[in-house]
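**Q** I would like to see how this sequence folds:
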Amino acid sequence: MAQQDGGGPFDLLVIGGGVNGCAIARDAAGRGLRVALCEAGDLGQGTSSASTKLFHGGLRYLEYLELRLVREALAEREVLLRMMPHIAWPLRFVLPLHPQMRFEASTPVSRLLGLAMPWARGRRPAWLIRLGLALYDGLGGREILPPTRSLDLRRDAAGQPLQSRFTRAFEYSDCWVDDSRLVVLLARDAAARGARILTRCRVTEARADQGLWTVQAGGQALQARLLVNAAGPWAGQIGHRLGLPAEETVRLVRGSHVVTRRLHDHDRAYFLQGRDGRIVFAIPYEQDFTLIGTTDVDHPDPDTPPVCTPEERAYLLAFVSDYFARPVTEGEIVHSFSGLRALHDPGTGSAAAASRDYALRLETAPGAPVLHVIGGKITTHRRLAEAAMERIARCWACGAHPGPPGRPCRGGISRWTGPPPSWSGCAPIIPSW
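**A** Now for the predicted structure:
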């Protein structure tokens, strides 16, 4: 017999305790659904605690014309900043200009510029960067954060740590976030709304029978009407076992960072553009340090632990040393870390070009529905959860897989009895924190 908490089968069982899994569990519990979440290790121990610690729209995604993703992320950036000022705060980024800045050759904007301005040879002209920043300022309905401005690096403090050849820059806004604490707070709030959060509870088997999933996890059996596969790097492995179509490829990309002694005295970050078309951030970190990252390298499989390789360390140090007046050396590294991004991508093109957008795939072939969550950014976790609930509601509304008894959807969309959770004003997610 399946072990439950006395209320019958769960409505949703979420596999994965990263930011997306915890956000879905919180949203579903806030709508009055009975929710369980199973995490094989600890909350946020994988991708969600190895990010570059930013709530941002993704300025470089404009080169790939991913306007919907950037617009959604920028709008969420300000929503989240209002919600959680205790773990997120504004950060200004300095983008130094130099004539050798180039687009990655495969981007749509690079190809268009090559046709319109072949003499530019893939370089990023200053006017085009300023145009992109103007679009970045306006695309998401910016209200809180200050707009882009131009800097004279010969007079501004941001120019002091840089080589003297950098004389101009643009300064724009994004946000810093404590990523691992965000995941824990999402899980705590989900639990406060009735969700059952099970850490160190690995799912080892799942089988469907008569419209219900029976899941073996952590030595116990749990039943649920619907599974949510939000396992991040392991989503592909779980997906193949649960019916994810072969054409839906999960691409694993390793992102590595190094932490050095503080490289400058002011409180702004740097957005640095390389000759290879990539970008690297240099961000003030924990008062005394600078966080430098990230790389984009294809990774073989999720069970191989990601580590920052000597080649990646050398790449990041050479990248920032091309900008800073004093070269950054290996001896200044005090820490390094690496995480895996599970991206929705067919495997074509470079790892850097793989989309950071998310994909939701609902499958019913095994006899009970399962929702696969592929990709996503920490900035869009709340919108991803809302989209997941929309997809689940439509599945239950169609009648093939009945929804929870006594908790009907209104109008066939994800508005069950009981409103979705909200963080009003500037109140913390968990008031006691």
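**Q** Show me the shaky parts of the stretch 251-400 of the chain.
**A** 345-355, 365-366, 399-400 (pLDDT under 70).
**Q** All the strands of it, in order from the start?
**A** Ranges of strands in the stretch 251-400 of the chain, per DSSP state E, counting those that start in this stretch, are 269-273, 279-285, 289-293, 297-298, 333-344, 358-363, 370-375.
**Q** of all those strands, which lies closest to residue 108?
**A** Closest approach to residue 108 among the strands of the stretch 251-400 of the chain is made by strand 279-285 (16.8 Å; C-beta to C-beta). Quick note: C-beta positions are derived from backbone N, CA and C, even for glycine.
**Q** still on that earlier bit, nearest to residue 176 among the strands of the stretch 251-400 of the chain would be which one?
**A** Once the strands of the stretch 251-400 of the chain are compared by C-beta to C-beta, strand 279-285 is nearest, at 7.2 Å.
**Q** Give the stretch among the strands of the stretch 251-400 of the chain with the greatest mean number of neighbours.
**A** Mean neighbour count (mean count of other C-beta atoms under 10 Å) peaks for strand 370-375 among those, with a mean of 25.
**Q** what distance separates that one from the middle of the whole chain?
**A** Averaged C-alpha coordinates place strand 370-375 at 14 Å from its chain's average position (C-alpha atoms, centre = their mean, to the nearest Å).
**Q** Now it - C-alpha only, CSV.
**A** Taking C-alpha atoms only, strand 370-375 is exported to CSV below (Å, rounded to 0.1, in the frame of the first residue of the first chain):
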residue,chain,number,x,y,z
VAL,A,370,3.6,13.6,-16.4
LEU,A,371,4.9,17.1,-17.0
HIS,A,372,8.5,17.4,-18.1
VAL,A,373,10.2,20.7,-17.3
ILE,A,374,13.3,21.4,-19.5
GLY,A,375,15.6,24.4,-19.2
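**Q** List the neighbouring strands of that strand plus their orientation.
**A** Using DSSP bridges, the strands paired with strand 370-375 are strand 220-229 (parallel), strand 358-363 (antiparallel).
**Q** wait, which of those strands is closest to residue 172?
**A** Among the strands paired with strand 370-375, strand 358-363 sits nearest to residue 172 (C-beta to C-beta), with 24.5 Å.
**Q** which outside residues touch that closest one?
**A** With C-beta atoms under 8 Å, 6 or more residues apart in numbering as the test, strand 358-363 has contacts from 20, 242-245, 248, 344, 369-377, 380, 384, 387-388, 391-392, 395.
**Q** what's the answer for stretch 227-238, then?
**A** In contact with stretch 227-238 (C-beta under 8 Å, 6+ apart) are residues 12-16, 18, 20-21, 24, 40, 46-48, 203, 206, 213, 215, 239, 242, 244, 249-250, 252, 302, 340-342, 368-374, 388, 392.
**Q** tell me the average confidence for stretch 70-89?
**A** Stretch 70-89 shows a mean pLDDT of 93.
**Q** hmm, who's touching it?
**A** Taking contacts as C-beta under 8 Å, 6+ apart, the residues outside stretch 70-89 that touch it are 55-59, 61-62, 90, 136, 139-145, 174-178, 181-182, 185, 377, 379-380, 382-383, 423, 425-429, 433.
**Q** so how far is residue 328 from residue 18?
**A** 31 Å (C-beta to C-beta, to the nearest Å).
**Q** Compare these two (neighbour count), which wins?
**A** Ranked by neighbour count (other C-beta atoms under 10 Å), residue 18 and residue 328 place residue 18 first, with 27 against 23.
**Q** Kindly state the pLDDT recorded for the more buried one?
**A** Residue 18 is given a pLDDT of 96.
**Q** ok, it - contacts?
**A** So residue 18 contacts 43, 44, 46, 47, 48, 183, 230, 232 (C-beta under 8 Å, 6+ apart).
**Q** how does the chain divide up, domain by domain?
**A** Domain assignment for the chain by the TED database gives 10-47+180-247+356-398, 89-175+251-344.
**Q** Go ahead and flag the most central residue of this structure.
**A** residue 377 (1.9 Å; C-alpha atoms, centre = their mean).
**Q** Surely that residue is in contact with residue 58?
**A** Yes. Using C-beta atoms under 8 Å, residue 377 is in contact with residue 58, at 7.1 Å.
**Q** who touches both of the two?
**A** Taking C-beta under 8 Å, 6+ apart as the criterion, residue 377 and residue 58 both touch 69, 73, 356.
**Q** Who wins on neighbours among those?
**A** Most surrounded of those: other C-beta under 10 Å gives residue 73, at 26 neighbours.
**Q** Give me the three-state assignment for that residue.
**A** helix (DSSP: H, G, I helix; E, B strand; the rest coil).
**Q** Look up how far residue 269 lies from it.
**A** Distance of residue 73 to residue 269, given as C-beta to C-beta: 17 Å.
**Q** and what of residue 369?
**A** Counting by C-beta to C-beta - residue 369 and residue 269 are separated by 43 Å.
**Q** Residue 94 too?
**A** 7 Å.
**Q** Are we agreed that residue 112 is in a helix?
**A** Yes. Under three-state DSSP, residue 112 falls within a helix.
**Q** Quick check, pLDDT for it.
**A** Reading off the model, residue 112 has pLDDT 80.
**Q** what do you get for the one 4 residues further on?
**A** According to the prediction, residue 116 has pLDDT 76.
**Q** quick one: it from residue 110, how far?
**A** 11 Å.
**Q** shared neighbours, those two?
**A** Contacts common to residue 116 and residue 110, judged by C-beta under 8 Å, 6+ apart, are absent.
**Q** Looking at those two, which is more packed in?
**A** Set residue 116 next to residue 110 and count neighbours by other C-beta under 10 Å: residue 110 wins out with 19 against 8.
**Q** Wait, the more buried one touches residue 117, no?
**A** No. Counting by C-beta under 8 Å, residue 110 stays clear of residue 117, with 10.7 Å between them.
**Q** The closest residue to residue 181 other than its chain neighbours: neighbouring residues, count only.
**A** Excluding its sequence neighbours, the residue lying closest to residue 181 (C-beta to C-beta, 6 or more residues apart in numbering) is residue 87, at 5.3 Å. Neighbourhood size, residue 87 [other C-beta under 10 Å]: 19.
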